[in-house]
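*Asks:* Pasting a predicted model and its sequence here:
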Amino acid sequence: MTSSVRDLGPLWAHSAFVFEGGNGKMLNLVTAAKGVPLQILNRFSIEKKLEHLVSQGHNSEKVIKFHECLHSNNPLKNCRTIGSGINMLGKEKVSRTFNKTKVQAYVAAIGAVPEVVSEYSRMIMKSRMYHSEAYTRAGKTDNTVVKISAGDDISEFVKIQKFVIITVNNDLRCYMLCRELLAPVQAVPANCMPKHIKERCLVPIEHSILIPVEKIKCICAFVEIGTIQYVCEIPNFYEKD
């Protein structure tokens, strides 16, 4: 330690991030226990050769797209992309018949009943995962509630039942079929609760509504204690405890 400080100066003045980053890249080049040096050499050489060939120009659009896919940081696989930054996850469910509740929601939102609708249980938008009630895998937290930029006639909190893809004016649009969370008539006084926790009452499923996913402002946690329901706005998305 003393010799390092003597040679390189104070520890706080020397950054080893570049060295550590290089070690991380090298580690990603190894996938087996045998022949580690050869694995690193082969894959490093192939990567540099590929960069050289692409930089020469005169490449087809297909080759350029393939090169971009190889160097993409997007880990999503088997997802359906809608527009910019919206990715649908899970198995697609195609519906052509709708019950009275869905018919009312579609007519109120887009003015007609679509011929066919694609339904999904999960969505990623702007790098944030959103779940619906249709997602059956158990989780520690019910995060099917979101805060939306609502108008005068819609509550600011809704609980997502499912995500739907509809063709509107020859354009694919993503909506969420959801239920509003209204403030109860006799709620706990606001000064008795933290600002980010609000008592709410979930409307019956017969009053479902359709809202564009672009109206989502942030994800929330839904907590039900006995017959009382609460919506918790997440204070920040950095601390996990």
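*Replies:* The structure has been received and is ready for your questions.

*Asks:* Now do the contacts for the nearest residue to residue 163 once chain neighbours are set aside.
*Replies:* Nearest residue to residue 163 in three dimensions, chain neighbours excluded: residue 120, at 4.5 Å (Cβ to Cβ, 6 or more residues apart in numbering). All C-beta atoms are positioned from the backbone trio N, CA, C, and that covers glycine. Contact partners of residue 120, counting by Cβ atoms under 8 Å, 6 or more residues apart in numbering, are 80, 88, 89, 90, 92, 93, 132, 134, 162, 163, 164, 165.

*Asks:* Enumerate the beta-bridge partners assigned to the residue nearest to the third one when sequence neighbours are not counted.
*Replies:* The shortest distance from residue 89 to any residue that is not its chain neighbour, by Cβ to Cβ, 6+ apart, is 4.1 Å, and that residue is residue 122. For residue 122, the residues forming beta bridges with it (DSSP bridges) are residue 89, residue 131.

*Asks:* Tell me how many other residues surround residue 122.
*Replies:* Residue 122 has 19 neighbouring residues, counting by other Cβ atoms under 10 Å.

*Asks:* Could you do residue 87 as well?
*Replies:* Residues contacting residue 87 under the criterion other Cβ under 10 Å number 19.

*Asks:* quick one: it and residue 129, what's the gap?
*Replies:* The gap separating residue 87 from residue 129 is 10 Å, by Cβ to Cβ, to the nearest Å.

*Asks:* Mutual contacts of the two, please.
*Replies:* Common neighbours of residue 87 and residue 129 (criterion: Cβ under 8 Å, 6+ apart): residue 123.

*Asks:* Now do the spatially closest residue to residue 85 that is not a sequence neighbour, the pLDDT please.
*Replies:* Nearest non-adjacent residue to residue 85, counting by Cβ to Cβ, 6+ apart: residue 126, 5.5 Å away. In this model, residue 126 is scored at 84, pLDDT.

*Asks:* OK, contacts around the closest residue to residue 135 other than its chain neighbours?
*Replies:* The shortest distance from residue 135 to any residue other than its chain neighbours is 4.1 Å, reached at residue 121 (Cβ to Cβ, 6+ apart). Residues in contact with residue 121, defined by Cβ under 8 Å, 6+ apart, are 89, 90, 91, 131, 132, 134, 135, 136, 162, 163.

*Asks:* Stretch 164-174: end-to-end distance?
*Replies:* End-to-end distance for stretch 164-174, by Cα to Cα, to the nearest Å: 6 Å.

*Asks:* Relative to residue 197, how far out is the residue nearest to residue 163?
*Replies:* Note on residue 120: its distance to residue 197, by Cβ to Cβ, is 30 Å.

*Asks:* Specify the beta-bridge partners of residue 209.
*Replies:* So, taking DSSP bridges as the rule, residue 209 has residue 178 as bridge partners.

*Asks:* quick one, what contacts it?
*Replies:* Residues in contact with residue 209 (Cβ under 8 Å, 6+ apart) are 105, 108, 109, 154, 158, 177, 178, 179, 180.

*Asks:* Out of those, grab the one that's most surrounded.
*Replies:* Counting by other Cβ under 10 Å, residue 158 has the largest number of neighbours within the contacts of residue 209, with 28 neighbours.

*Asks:* Okay, and the beta partners of it?
*Replies:* Here residue 158 sits in beta bridges with residue 146, residue 180, going by DSSP bridges.

*Asks:* my read: it touches residue 178, true?
*Replies:* Yes - using Cβ atoms under 8 Å, residue 158 and residue 178 qualify as a contacting pair, with a distance of 4.1 Å.
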